[in-house]
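A.B. asks: I would like to see how this sequence folds:
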Amino acid sequence: MIDSISEGAGSAPDPKPRRSQRPAATTHHVDRLPPHSPEAEQGVLGCILLSPNECMGECIEKLKASDEVFYDLRHQTVFKVLAEMYDSRQAIDVITLQQRLKDSQLLDAFAHALVG
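C.D. replies: A predicted model of the protein is given here:
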């Protein structure tokens, strides 16, 4: 029984250089943020507030009516409230949005998140 075979014993050298093996890319870095742009999110919400009849339908279509496309949880909440207002055919402007957030006790939560 042969325990080991020496490479130099009658075998020709391999003409192809061997690539170094990289470790599998299964490790995830927890400290990395997903791609996001707070300015872009604010821009979308601002467009909706400036022109809700033209923008909201297009936003719902392109964003698949999901508030999860927004990274910032406050932006998710505002978009969700705006979508609910749009679906129920309520007027959308800064005043009505503020009142809706206040009625849902979300406006105080935003204030605490910004201050605290």
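A.B. asks: what about the chain, any weak spots by pLDDT?
C.D. replies: Scanning the chain for pLDDT under 70 picks out 1-30, 65, 112-116.
A.B. asks: which parts of it are helices?
C.D. replies: Ranges of helices in the chain, per DSSP state H, are 38-50, 52-62, 73-87, 94-103, 107-115.
A.B. asks: highest mean neighbour count out of those?
C.D. replies: Mean neighbours per residue, mean count of other Cβ atoms under 10 Å, is largest over the helices of the chain for helix 73-87, with a mean of 18. Glycine gets a C-beta too; all of them are placed from N, C-alpha and C.
A.B. asks: report the angle between that helix and helix 52-62.
C.D. replies: Interaxial angle, helix 73-87 versus helix 52-62 (axes from the mean of the first three to the mean of the last three Cα atoms, to 10 degrees): 110 degrees.
A.B. asks: now do helix 73-87: which elements does it pack against?
C.D. replies: helix 38-50, helix 52-62, helix 94-103, helix 107-115 (3 or more Cβ pairs under 8 Å, 6 or more residues apart in numbering; DSSP states H and E).
A.B. asks: columns distance to Ala83 on top of those helices, output as CSV?
C.D. replies: Converted to CSV, the helices and strands packed on helix 73-87 look like this (distance: least, Cβ to Cβ, whole Å):
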stretch, distance to Ala83
helix 38-50, 9
helix 52-62, 6
helix 94-103, 12
helix 107-115, 18
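A.B. asks: among these, which comes closest to Leu82?
C.D. replies: Leu82 lies closest to helix 38-50 among these, at 5.6 Å (Cβ to Cβ).
A.B. asks: His75: which of the helices and strands packed on helix 73-87 is closest?
C.D. replies: Distance to His75, taken as Cβ to Cβ, is lowest for helix 38-50 among the helices and strands packed on helix 73-87, at 4.5 Å.
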